[in-house]
Each structure stands twice: as C-alpha cells, then as structure tokens.
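Visitor: Generate a structure from the sequence data that follows.
(4 chains)
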There are 2 protein chains.
Amino acid sequence: MTTINDVAKQAGVAPITVSRVINNSGYISQETRGRVEQAISVLGYVPNALARGLRSKRTNTLALVMTDITNPFFTSIARGVEDVASESGFSVIYCNTDESESEEYKYAQILAQKKVDGIILVPACSQSKTVEFFQALDIPVVLLDRRIPEVQIDTVRCDSIAGAYKLVKLLLGLGHKRITMISGQRGVSTAEDRAIGYHRAMTEAGLEEYEQVYFGSFTQDSGYELAQKALTSPDPPTAFVGANNFITIGIMKALRNQKLRVPEDITLVGFDDLPLPLFIDEPFLTVAVQPAYEMGKKVAELLLHRLVGKAPDECQEVILPIEIIQRKSSGPVKV
Amino acid sequence: MTTINDVAKQAGVAPITVSRVINNSGYISQETRGRVEQAISVLGYVPNALARGLRSKRTNTLALVMTDITNPFFTSIARGVEDVASESGFSVIYCNTDESESEEYKYAQILAQKKVDGIILVPACSQSKTVEFFQALDIPVVLLDRRIPEVQIDTVRCDSIAGAYKLVKLLLGLGHKRITMISGQRGVSTAEDRAIGYHRAMTEAGLEEYEQVYFGSFTQDSGYELAQKALTSPDPPTAFVGANNFITIGIMKALRNQKLRVPEDITLVGFDDLPLPLFIDEPFLTVAVQPAYEMGKKVAELLLHRLVGKAPDECQEVILPIEIIQRKSSGPVKV
DNA sequence: ATGAAAGCGCTAACAT
DNA sequence: ATGTTAGCGCTTTCAT
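Guide: Coordinates of the predicted model:
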C-alpha cells in the first residue's frame, strides 16, 4: 500500500509537506506542490482516512439516521442532506432504523465507533435515549422531522399541529363533520401533533363528539387496517385524514375495497406527497406537503454550522412551512 | 474521551486484555472478562473504529454503490445487502451515483480512503474505470445488476436478454407486431441486453421490419418523451415494452396524454415491479420481475465469502431468474 | 491466560 | 516555505 511516506520520498520532501498539499493547508511553493502532485499521481496514492481521522479527530462524515428509507419523503430529505454535505466536503452515512428503538441504538453504537463528526436523527420515538448517548460522547446531534420534548437540541421540522389544523379546516369548510384521522405511532411527535391539530380544529368547530383518531404506525398496512375498522364502525366518517403518505395510500385501498369512490362517495386527504416519478395516475390527493428536500438542506446546514462553531450557543428550532395542495380527492360532504 | 487504556486501568489489566474482551479473541478468564466488562460499562467506553481499522486493516464495512437510490428496485436490493451484511457484523455505506460516471469516480475515491473492506457496484456504464481502480488497490469488488464485458469479476445479475425475450414473446403471442421498446442508456448492459432480447424475439418471428428500439435513460421523463416520439411516428406501435419501472411509468403517462387506454387501446409491459406500498391502483402492469431482495442478499454473500477467502479463485457469475407476471396491461392486438 | 513493545498512516505542535 | 518529533487508539507479534 502506498503511504504518505512513499509519496514524500518520491517527491523528495517531508511527509508533512505531502500532507499540506493534500489538505491545502499551510504554505507550499508552486514548484513543490507540483512535484508532490506528480508523485501522488505516479504512485496512485490514496490518503488513508482512518489515519487522518485518528490523528486529526475529524472524519468529514455526517450520519443521517432515518426511520424509513423506502419512504420518498425521507429519500428527498436525504438528497437535500447529501447536496449540502458534499458541497462542504462531507460524506454522509445513511442509516435506516425501521422505526425501531433497538435498531436506532445499534446504529448509535456504530456511528460513535466510526467517529462521525455529527448526526442528523429522525428519532424512532420521543423516549429515545439516543440523543443523550451522543451528547455524552460530545457528538453533535440535530433532530429532524420529529421533536423530543424536554430536551435541549437543535431541531428542523414542520409544524404538524398547524398542518393538520389547516387540513381539517379545509374539510370542515366542505361541510364534513364526521372526520376520522388515521395517525402513526403513539409517542412519535408527528403522529401526536397531527392528532392535536385535528383535535384543535374539531374543538373550535364544536365537533368534539365526532372526534375519532386511530393511532397505528406510518405504514400502508396500518392505514388500511385502521381505515377498515373506521368504515365498519357504527357511524363511519365522511372524510379521512391520513397522517402520512403511506397511511393515506392504505386508507385509499380500504376505500376501494369498500367500493367507495373518492371524492364522489367519500373524501380523503393526507400528509406528504408522493413524488411524480412514482405516480401512474395524475396526482389527485389533497395533501399537506412538507418541503422535504429543503428540510434536508436546512438540517445539514445547521449541523455543519454547529461543527465549525458558527451557530449560536443556544439551540435552534427551525420550523419550515407546510403547504396545503388542494386536488380532486377532497369533495363536499355527501348527504 | 475514554480509551482502551482508561478501561484497562479501571479494570486493573493491560490494554490488550481489554482488546481481547471486546473482540472475543484469545483466552480470557471469566473473572477478568467480568471486570473488564464492568469497567467498560462504568466508563461508557466506545471503541474507536478508526484506530481499530488503522491497526487491523479491516473496517468491517462494505459499500453499495447504486445508480438511483430513489428507485424501489435498488431500495429492495439495499435491504438484502443490509440484512446479510449486518448478520455478519458488517455495516454498509450506501452511495448514489445518479448514473453519472463522475459521481461514481468521486465515491470510488472516498471509499478507497475510508478503507471499506469490499464494494458492491452497479456500474454507471460499461466503460467505467472504477473496477480497475479498486482492483489496483486490492479492494474486492463485485458487480451487481449490470455486467461489464471483458473484465474478470464476480457478478450477480439477471438474464436481461432472456427476460426481454420472454416479454416480447408474450406480446407476439397476443398478436402484436408493431412492438416498440423504450430502453435506458446506451452503454449500460441492462439497456443493451433488453434490446438484444427484444431483437431476438422479433427476428425469430420474422418481424425485423417492425423493430423499433429507443435508447434514452432509465427515468420517467425519458420514457415519456420517447413514447411520445414513438406515438407520433408514421407507424405507431400497438404495444410498448419499458426497459425498467420508471420508463414504463413514463410511457403510461404518454399514453394517458394521448387518451389511449391500457389495455383496450394499446398494450404496455415492462421490467421491474413497483412495490405495493406505493400503489394506489391495484397493480395492473404485466412485468418481468427481477428478485431484487434476493439479488442483494446473494451479492452480499458472495462478497463476504470473497473477503474471508471462502470463495473459489476464479470469478463467479450468478444469474438469478426473472419472473414474468401477467396482469391486465397486456391485451390482444386491436385490429 | 495475560502482558510488553512496536507500529499502523497520518497530522498537531513546534521548530527553523 | 519546509521539516522534526511525537502520538492519536488500537491490535499484531512475540513473550511469559
């Protein structure tokens, strides 16, 4: 294996000079730089990141720990993170926890061992000890998408309460009263907050008696099952709100299954769009859209600022806007 | 930061003894092991993977370099790789090249620097110098999904020629003659092979004069544009074959755009299914399905065997079966 | 069953 | 503008 010493000999300089060339640090004469670059190229030298990291205590690596890498919402986020990180010379390690605390813990161990410089975490649940684990090791962490109450930590997310509130308001405006929300896991802030926003809108409209929220998980299967349950209840809803894209698709399937047409027979709205490349039909769902790519960019920027000490001491909470896109799936209540 | 030396002092042993405990290597008395584990727990010690890798020359890390991480086909592959790797104590670094040779080169540099133990590569093109780059550095590489001619290297893929052949045979059996294939990039084996399989079936049927293959890229946009072109040609096809899932969706959109119903007005088949969670409609496309998850498992197994020297010296080519799933989208030719 | 010494490849700190 | 020295945290090698 070619090392920095081999390059140094080949170029007739000291190893530290080679180091300065490959790091663009310190003063190097044009002439010396040329000789070193020549030697690097001749020998096919590739710096050893392990040695660099061990010595310098920086790996130029971030980690993005997500709960579901198959969800296009997170894929878009990942692109945003990657774009910003790579522009600053950082690489990104992607980890998928599948909403499991134990998987999250497993990755926390690995990432701590690998000495990544910073971590972007979508916590699997609010009780997660992962943040404290990293903070104890002095590894900067930033939360993404979901908040954890009672912990001082940088967070980039959207206002799920407001998003759900607006979505339900829209339904109320269409005359709906029996509105059912199908949400994600209890103990996950986005699932809880969207239920809170729903509750707020319903209460304001004096419709407490019609309130119906099901908690499950952010998957199609869960959405399907809970929608089935709601549909077979004594007083089935005239409108559904899905707390994320997969749940909403699950609800859609349940509706199809019951031969209910959207929006002719029943109304359906949800959180998070699906990207165009995956649609065969024209997009027709009325949705609350979170700016996933921008969330990824923003969270990476925030973390990178932290790393170079450019961020203010107190922790920041960045709330990005949710946009309601009204399409065909939301119709007036049928009588 | 807590190091192995701190743990050693705390436990009253030598650092090497701590090393043996955390690596489960060599002989350790139960009593010593207990004291060391106790010390590790008390101090919250996390081993430094950089130091370990630097010294031991193994990082227990694989890389999976893909061309499009947003494609569910690759997401499934990634799961297969992850499952096998993690079972063997390896972690996986995921890289997305977006079909770009220069991105591929960029990641090659990073991965070589990080000293990953082995690499699974979906080459962006057949002329890629990436394989030689890694081989020169003695880093094991295995190709996935796409082959590179004239290079001796382990490969796990499906038989695209046979898959396309079967798909076209099916169309011929339905009475179609004017069959158009929309394929991916020239110079990518899957794009070329699927065109070859098409050609073979058409030739066998004596339909050379009807042959029409468009090369573009494996994206929805490309599929859309090329399908538009084909539809506005003097002699438009009665059936389309999309060379991957995104292309097929693009074709579908072009058909919608022309108010053509599938399969009543025109037939559409393609490669690679879309996973159920993303479907709102019941799946209705007739497709040639590659066993993505198994491909991922298989390629990871092959690479891990290479790493421990369990694989035979000569390189292996594993060809997994393609399954044709016939659904509603393929109908008889309209007269 | 345990330990001592050395060194992996690099860069921080301090010269010159 | 370039070099010397030392050491990051660990495991290999060789002892005992």
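
Visitor: neighbouring contacts of stretch A:74-94?
Guide: Contacts made with stretch A:74-94 from outside it, assessed by CB atoms under 8 Å, 6 or more residues apart in numbering or on different chains, are listed as A:60-64, A:66-69, A:111, A:114, A:116-117, A:120, A:122, A:144-145, A:275, A:292-301, A:304, B:69-70, B:93-94, B:96, B:110. Every C-beta, even on glycine, is put in place using the N, C-alpha and C of the backbone.

Visitor: same deal with stretch A:219-236?
Guide: Looking at what lies outside stretch A:219-236 - CB under 8 Å, 6+ apart - the contacts are A:178, A:180, A:182, A:184, A:212, A:214, A:216, A:237, A:240, A:242, A:246-251, A:253-255, A:257-258, A:260, B:276-277.

Visitor: so of those residues, which ones are in helices?
Guide: Using DSSP state H, A:246-251, A:253-255, A:257 are the members of the contacts of stretch A:219-236 that sit in helices.

Visitor: Distance check, A:Arg35 against A:Asn5.
Guide: As defined by CB to CB, to the nearest Å, A:Arg35 lies at a distance of 15 Å from A:Asn5.

Visitor: Neighbour count for the two, which is higher?
Guide: Here A:Arg35 and A:Asn5 are compared on neighbour count by other CB atoms under 10 Å in any protein chain shown; more neighbours surround A:Arg35, at 18 against 11.

Visitor: quick check, nearest of the ones in helices among the contacts of stretch A:219-236 to DNA strand C?
Guide: Distance ranking of these against DNA strand C, using CB to the nearest atom of the strand, places A:Phe246 first at 43.9 Å.

Visitor: so what's the closest one closest to, chain neighbours aside?
Guide: For A:Phe246, ignoring the flanking residues on the chain, the nearest one in space by CB to CB, 6 or more residues apart in numbering or on different chains is A:Gln220 at 4.7 Å.

Visitor: Quick check, pLDDT for that neighbour.
Guide: Among the per-residue scores, A:Gln220 shows a pLDDT of 92.

Visitor: separation between it and DNA strand D?
Guide: Using CB to the nearest atom of the strand, to the nearest Å, A:Gln220 is found at 43 Å from DNA strand D.

Visitor: same question, A:Thr3
Guide: From A:Thr3 across to DNA strand D, the span is 12 Å (CB to the nearest atom of the strand).

Visitor: list the contacts for that residue?
Guide: If you count contacts by CB under 8 Å, 6+ apart, A:Thr3 has them with A:45, A:48.

Visitor: Show me just the buried residues among the ones in helices among the contacts of stretch A:219-236.
Guide: Buried by 16 or more other CB atoms under 10 Å in any protein chain shown: A:246-251, A:253-255, out of these.

Visitor: a markdown table for the residues you listed, including distance to A:Asp138 and pLDDT?
Guide: Converted to a markdown table, those look like this (distance: CB to CB, whole Å; pLDDT from 0 to 100):
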| residue | distance to A:Asp138 | pLDDT |
| --- | --- | --- |
| A:Phe246 | 36 | 92 |
| A:Ile247 | 38 | 95 |
| A:Thr248 | 41 | 94 |
| A:Ile249 | 42 | 90 |
| A:Gly250 | 42 | 93 |
| A:Ile251 | 44 | 95 |
| A:Lys253 | 47 | 90 |
| A:Ala254 | 48 | 94 |
| A:Leu255 | 50 | 94 |
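
Visitor: Just the helices from chain A, written as ranges.
Guide: Taking DSSP H to define them, one finds helices in chain A at A:4-11, A:15-23, A:30-43, A:49-56, A:72-87, A:101-114, A:130-136, A:160-173, A:189-204, A:220-231, A:245-257, A:292-307.

Visitor: quick one: low-confidence parts of the stretch 151-300 of chain A?
Guide: In the predicted model of the stretch 151-300 of chain A, residues A:275-282 satisfy pLDDT under 70.

Visitor: give me the number of residues near the closest residue to A:Lys169 other than its chain neighbours?
Guide: The shortest distance from A:Lys169 to any residue that is not its chain neighbour, by CB to CB, 6+ apart, is 5.3 Å, and that residue is A:Ala201. A:Ala201 has 22 neighbouring residues, counting by other CB under 10 Å.

Visitor: my guess is A:Ala201 meets A:Ala164, correct?
Guide: Yes - using CB atoms under 8 Å, A:Ala201 makes contact with A:Ala164 at a distance of 7.5 Å.

Visitor: residues from the stretch 1-150 of chain A in reach of DNA strand C?
Guide: A:1, A:3-5, A:15-16, A:18-19, A:22-23, A:25, A:47-48, A:51-52, A:54-56 (CB under 7 Å from any atom of the strand).

Visitor: Buried members of the residues you listed into PyMOL, please.
Guide: Entered in PyMOL, the line below selects the buried ones among these, by 16+ other CB under 10 Å:
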select buried, chain A and resi 3+4+18+19+22+47+48+51+52+54
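
Visitor: Can you report how many residues lie near the spatially closest residue to A:Leu111 that is not a sequence neighbour?
Guide: The spatial neighbour of A:Leu111 that comes closest, neighbours along the chain excluded (CB to CB, 6+ apart), is A:Ala63 at 4.8 Å. The burial count assigned to A:Ala63 is 25, neighbours taken as other CB under 10 Å.

Visitor: starting at the chain centroid, how far to stretch A:209-216?
Guide: On the basis of CA atoms, centre = their mean, to the nearest Å, stretch A:209-216 sits 26 Å off its chain's mean C-alpha point.

Visitor: Can you mark which positions in it are buried?
Guide: Residues of stretch A:209-216 classed as buried by neighbour count (16+ other CB under 10 Å): A:210, A:212-216.

Visitor: Please report how far A:Leu111 lies from DNA strand D.
Guide: For A:Leu111, the distance to DNA strand D (CB to the nearest atom of the strand) stands at 15 Å.

Visitor: Need the residues that contact stretch A:192-204.
Guide: The set of residues external to stretch A:192-204 that reach it, using CB under 8 Å, 6+ apart, is A:159-169, A:172, A:179, A:181, A:183-184, A:186, A:208, A:210-211, A:213, A:215, A:241, A:243, A:271.

Visitor: what's the answer for stretch A:5-20, then?
Guide: Contacts to stretch A:5-20, defined as CB under 8 Å, 6+ apart, come from residues A:4, A:25-28, A:32, A:35-36, A:38-40, A:42-43, A:45.

Visitor: Buried subset of the residues you listed, written for PyMOL?
Guide: To isolate the buried subset of the contacts of stretch A:5-20 in PyMOL, counting by 16+ other CB under 10 Å, use the following:
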select buried, chain A and resi 4+28+32+35+36+39+40+45
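
Visitor: out of the contacts of stretch A:5-20, who's nearest A:Gly331?
Guide: Using CB to CB, the shortest approach to A:Gly331 within the contacts of stretch A:5-20 belongs to A:Ser25, at 63.2 Å.

Visitor: Of all residues in the stretch 1-150 of chain A, which one is closest to DNA strand D?
Guide: Among the residues of the stretch 1-150 of chain A, A:Tyr27 lies nearest to DNA strand D; the distance is 2.5 Å by CB to the nearest atom of the strand.

Visitor: The closest residue to that residue other than its chain neighbours and chain B: what is the separation?
Guide: Spatial nearest neighbour of A:Tyr27, excluding adjacent residues (CB to CB, 6+ apart): A:Arg20 at 7.9 Å. With the distance defined as CB to the nearest CB, to the nearest Å, A:Arg20 ends up 17 Å from chain B.
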